Each structure stands twice: as C-alpha cells, then as structure tokens.
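# I'd like to go over a predicted model; first the sequence, then the structure.
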Amino acid sequence: MSDSDIIATHTADAGAPPAEDRVHDKEDRLRREFVREVFDAVADGDDERARGLVAELHPADIADLIELAPGDERADLIEALAGIVDAEVFAELNEHVREDVIDEMEPQQVADLAAQLDTDDAVALIEDLEEDDQRAVLRAMEPDDRAAVEEALTFGEETAGRLMQRDLIAVPEHWNVGQVIDYLRSTEELATDFWEIFVVSPDHHPVGTCKLSTVLRSPRSMQVGDIMLKKQTLIPIDMDQEEVALKFQKYGLISAAVIDPVGRLVGMVTVDDIVHIIQEEAGEDALLLSGAGEGDINEPIGETYKSRVRWLAANLLTALVAATIISFFEESIERMAVLAALMPIVAGVGGNAGTQTLAVTVRAIATNQLTGTNHWRTVWREIRVALMNGLTIAVLIGVGVTVVLGSTPLGAVIAAAMLTNIVVAGLAGVLVPLGLERAGADPAVASSVFVTMITDSLGFLMFLGLATAAGLAG
C-alpha cells in the first residue's frame, strides 16, 4: 500500500462515525451501566472479569471508578484490580480518596508507589500522611528518592518547589547537536517525558532552552548555543503555584525552569501539572466567596462542617447588624406595614449588585488583570456601571410602587434608596476585595461577608430612614 493510500485510509477512518462507547457517555463520564457491571463482578468474587472490564481504561478513568465506589467497597475493588491499580492511578485519585486508601496500606507499599512517580506526584502521595506514617514511608524509600521527596517537603505548600519535577535534561551550551543526541540515547538514568532541553552555564545557571524539534532538525555539528532560545521564563522556587499557572497561561509555556535563590537550575514545571492547578484555582475563588470550603464531595463530613459553619456564623453576626438597624424604625414599620414588605427588595437587589461586582473583581485580582496600576480606573468604571444599573432599577421600582400602591412619595423614596444602595454595593464590591488584598488577606475568603453586611445594612437604613424623614409613616 502506498503512502497516499495510507493517508486516504486514515482520512476515511477519521470521517467515519465513531462506534458507540459502552464505557463513556457523551460528557466523557463513565456510564452507570459499566460502573455497575464492574462493581457486580467484584461483589461476585469474579476478579478476572473485573480486571478484563477495566484493563484498557486510562489511569484517570480507573481513578474515577475508584472514587465512584462507596467508601466501604473501595478496598475490595482495589484488591480485585491488583496489577492494574498502579502508581499512575494513585496520582490521578482525588486527594481525600487517596488519603483514605493509603491509610489502609503498609509503608513499604506506599514507598513502592512513590518510587514509580515523578517527585511532585510522590510528594502529593505522602504529604498529607500523619507524621509517624510519613516517616515510616520515607524510611522505606530508596535513598535518592527519599532525599528528593524530603527536599520537596521543605518548601511551602502550593509553591513551585512542591510542584516541580527534578528529572530534567540539561546540557552545556558548548556541546553540539550530535553530542546532545548521543547523550540522550546512551544515558539510561534520564527523564522519560520532556519537551525541551535546558541549556546551562558551568555553574548550572539556565542560559537558554532548545525544543526537541529544533534539536532533531539541526545538523549534528551545530553548536547548542547557536540554536537555543536565550529568552525564557524562569520560575523562582518559592513562587506561589497560582502565579506559576498565570505565567504558563500568559506565555503559552509547555515547561519552564525552576531556579533556587541564587539562580541555579533545580527543577522544571510542566504544563500537565499546571492544567490541574488552573482547574483548582478556577473553582477555588467561587467556593471561597460562598464559604463552601473546598467544595469537594469526597471531603470528610467533619471538615466540610467546620469550613462551612464558621461562615454561617459570620453571616449570622452581619444579619444581626441589619436587624439592629431595622429595630430603630419599629414605629415607622408599625404605622406603615408596607415598608416591611418593600425593604427586603432594596437590600436583596443591592446584595446581588454587590455580588456581581465582587465576583468580577476577585477574578480580575486572581488573574492579574487588576493591579496597583489600574485599580482606580477600575473603581471609576464600577461606579459608572453601578450608576447606570442603579438609575435603571430605581426608575423601574419607583414607577412600579407608584402604580401598584398609588403612592408617589413612597415610589420616590424606594427609588432613591435603591439607587444609593446599588451604587454603594458596586463600590463595596470592588473596594472590599482590594482592601483585603492590600492587607495581605485572600480577597475571596471574607469579601462576601463584608459586602453582604454593607448592602443589607445600608439598604434598610436608606429606605426606612428616607421613609421616616419623608413622613410616610407619620
């Protein structure tokens, strides 16, 4: 068969409709029927059938299967899939599920798994173990693996030091392409997965990078220093993983060199690790804004309770502030009961306006779109947006109250209160997270509590205060 025939065949195959996938649904999730079939095989003691069903699955799919199993059935499932549930599967497991599974394993088993993984994945495997269990696992590891993991554990959580891999390819710039290729082919103890080669000076400082495609397409006699890219993105070892992810996103990186405080090359971060970080960070701020903790359905109930109840208690305190303001106007509410029906509208719409601005601001801070250079321009932008929104909603509610309740003064009062509250909500939504960031706090953690307190309290104060001042409840 000629090359053109092969290409034509592949093209025809690519255009053919795919056969129905009995394992995955349209959203690439494991089908319920398939999962049930595997679980039934394990329950019936038919381990061979269970292994046959999952043998061709990707490690990530096997990890999903383990996570879908009830907690008291996971050990039996893993035992039935012996030989298939390997280190790669453990690296893909949800951290809470992985912790539960590892707690049931012997230190030597955990050490054997860690030895098969890149340093960053090995650290993730054992970093949450109890201190005694962690020491036992480290003692069971080979000296080189243990030293790498122990060094990684000295770095702060969610830093480049924890995230990086230590297995990389580094060559001197005076080598030629032929020497590099011979080195890659003849040296056994090298990284197995890499996309670029780092070029270093005699004191091991990174001076450039070479893509594999460039190396392979260059003559053997060509000097590495002549084909390398001198401009590269260097990652300090103590950089927060969120900032690392932003650099990968901004500059379209596949991998990047990690340097120690004196500028020496100590590791690399690859895009496959960054994908996980971007996914985590994307959902983290939304969960923090709601006070829902990690938002992980595999998180232990006790931890979920503790992370949520403290924010509910904080919300209770802010609600008491609003209730106290309402108590100052009891007589006005008694004289004109319709005020009690209308005042939640002012606070509720103001709260929604504040939440909109808050969500945009927190995201802009997280993605480095909002900085000290443009924050006042952003504040002015949000004021204008709030004014336009406030005027629109104020006119609608004012006309509505006037028509329905037949009271022009009451319509004017609620319109004025609504306009004021929406404008203040917009200001609070941008100034509160900016203030928290300047104070060194995470703007996503407590912003919503403060913004809610401001919009509720001010909404009630403005509406009831104006109504009282206008003599509507007289």
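On my side now, so go ahead. Numbers count the residues shown, from 1 in each chain.

# which residue ranges form the strands in the protein?
170-172, 196-200, 206-211, 234-236, 255-259, 265-270 (DSSP state E).

# Using CSV, lay out those together with distance to Asn368, mean pLDDT and mean neighbour count.
Every C-beta, even on glycine, is put in place using the N, C-alpha and C of the backbone. Compiled in CSV, those are given as follows (distance: least, Cβ to Cβ, whole Å; pLDDT from 0 to 100; neighbours: other Cβ atoms under 10 Å):
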stretch, distance to Asn368, mean pLDDT, mean neighbour count
strand 170-172, 30, 94, 16
strand 196-200, 25, 94, 22
strand 206-211, 24, 94, 20
strand 234-236, 15, 95, 18
strand 255-259, 17, 94, 24
strand 265-270, 18, 92, 23
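
# Turn these into TSV, including distance to Leu472.
Listed next are these as TSV, based on distance: least, Cβ to Cβ, whole Å:
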stretch	distance to Leu472
strand 170-172	77
strand 196-200	72
strand 206-211	72
strand 234-236	62
strand 255-259	64
strand 265-270	63
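
# mind checking which of those is nearest Leu117?
Nearest of those to Leu117, taken as Cβ to Cβ: strand 265-270 at 13.6 Å.

# which other residues reach that closest one?
Contacts to strand 265-270, defined as Cβ atoms under 8 Å, 6 or more residues apart in numbering, come from residues 119, 160-161, 163-166, 168, 170, 193-195, 198, 200, 204-206, 235, 237, 244, 248, 254-260.

# Ok, which of the strands of the chain comes nearest Glu92?
So among the strands of the chain, strand 265-270 is nearest, using Cβ to Cβ, at 15.7 Å.

# Put the alpha carbons of that closest one into CSV.
The C-alpha coordinates for strand 265-270 follow below in CSV (Å, rounded to 0.1, in the frame of the first residue of the first chain):
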residue,chain,number,x,y,z
LEU,A,265,18.5,25.2,37.8
VAL,A,266,16.9,22.8,40.3
GLY,A,267,13.8,21.5,38.5
MET,A,268,11.1,22.1,36.0
VAL,A,269,7.3,22.6,35.9
THR,A,270,5.4,21.1,33.1
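
# Any idea how far it is from the middle of the chain?
21 Å (Cα atoms, centre = their mean, to the nearest Å).

# residues near Glu104, how many?
Each residue near Glu104 was counted by other Cβ atoms under 10 Å, and the total is 10.

# cool, and His205?
14.

# mind listing what it touches?
His205 is in contact with 259, 263-265, counting by Cβ under 8 Å, 6+ apart.

# Now do the domain split for this structure, please.
For the chain, the structural domains run 27-163, 170-289, 301-469, going by automatic domain parsing.

# could I get the ones you listed as JSON lines with distance to Asp21?
Formatted as JSON lines, the domains of the chain follow (distance: least, Cβ to Cβ, whole Å):
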{"stretch": "domain 27-163", "distance to Asp21": "8"}
{"stretch": "domain 170-289", "distance to Asp21": "23"}
{"stretch": "domain 301-469", "distance to Asp21": "34"}
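
# now the contacts of His205 as a markdown table including distance to Trp380?
Shown next, in a markdown table, are those (distance: Cβ to Cβ, whole Å):
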| residue | distance to Trp380 |
| --- | --- |
| Ile259 | 39 |
| Gly263 | 41 |
| Arg264 | 45 |
| Leu265 | 45 |
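
# Excluding covalently adjacent residues, which one is nearest to Asp238?
Spatial nearest neighbour of Asp238, chain neighbours left out: Thr159 (5.4 Å); criterion: Cβ to Cβ, 6 or more residues apart in numbering.

# got it, and Phe329?
Leu464 (4.0 Å).

# residue contacts, that neighbour?
Residues near Leu464 by Cβ under 8 Å, 6+ apart: 325-326, 328-329, 332-333, 339, 343.

# Filter those residues down to the buried ones, ChimeraX style.
Only the buried entries of the contacts of Leu464 go into this ChimeraX selection, using 16 or more other Cβ atoms under 10 Å:
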select :325,326,329,332,333,339,343
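
# pLDDT at Thr187, what is it?
Looking at Thr187, its pLDDT is 84.

# And it, how far from Ala394?
Distance, Thr187 to Ala394, using Cβ to Cβ, to the nearest Å: 73 Å.

# which of these two has more neighbours?
Set side by side, Thr187 and Ala394 show more neighbours around Ala394, with 23 against 9, by other Cβ under 10 Å.

# check contacts around that one.
Counting by Cβ under 8 Å, 6+ apart, Ala394 makes contact with 415-416, 418-419, 422.

# related to what we said a few turns ago, indicate which one of the strands of the chain is closest to Leu434.
strand 234-236 (25.4 Å).

# burial count for His58?
As a burial measure, His58 scores 11 neighbours (other Cβ under 10 Å).

# So it versus Thr408, what's the distance?
According to Cβ to Cβ, His58 and Thr408 sit 68 Å apart.

# what's the answer for Thr270, then?
Per Cβ to Cβ, Thr270 is found 67 Å from Thr408.

# Ramachandran angles for Glu142?
phi -70, psi 150 (degrees, to the nearest 10).

# contacting residues for the nearest residue to it once chain neighbours are set aside?
Distances taken as Cβ to Cβ, 6+ apart place Ala115 nearest to Glu142, at 6.2 Å, with adjacent residues excluded. Each residue near Ala115 by Cβ under 8 Å, 6+ apart is listed here: 122, 141-142, 145.

# among the residues you listed, who's most crowded?
Ala122 (27 neighbours).

# Could you verify my assumption that that residue touches Ala114?
Yes: the pair Ala122 / Ala114 is scored as a contact, 4.0 Å apart, by Cβ atoms under 8 Å.

# Mind pulling up the pLDDT for the closest residue to Leu125 other than its chain neighbours?
Nearest non-adjacent residue to Leu125, counting by Cβ to Cβ, 6+ apart: Ala114, 5.3 Å away. We have a pLDDT of 84 for Ala114.

# and what of Ala337?
The model reports Ala337 with a pLDDT of 81.

# burial measure for it, as a count.
9.

# can you check the one 5 residues further on too?
Each residue near Leu342 was counted by other Cβ under 10 Å, and the total is 20.

# how much space between it and Val413?
On the measure of Cβ to Cβ, Leu342 and Val413 end up 9 Å apart.

# and for these two, which residues touch both?
Counting by Cβ under 8 Å, 6+ apart, the contacts common to Leu342 and Val413 are Phe463.

# The stretch 51-200 of the chain: helices as residue ranges?
Secondary structure of the stretch 51-200 of the chain (DSSP state H, counting those that start in this stretch): helices located at 59-68, 74-80, 87-92, 95-103, 107-115, 119-126, 131-140, 143-153, 160-163, 177-186.

# Out of those helices, which gets nearest to Ile301?
Between Ile301 and those, the shortest separation by Cβ to Cβ is 11.0 Å, and it involves helix 95-103.

# which parts of the closest one are buried?
In terms of neighbour count (16+ other Cβ under 10 Å), helix 95-103 has its buried residues at 96-102.

# Could you do stretch 23-41 as well?
23, 30, 34-35, 38-39, 41.

# Among the residues you listed, find me the one that's closest to Arg220.
Val23 (46.1 Å).
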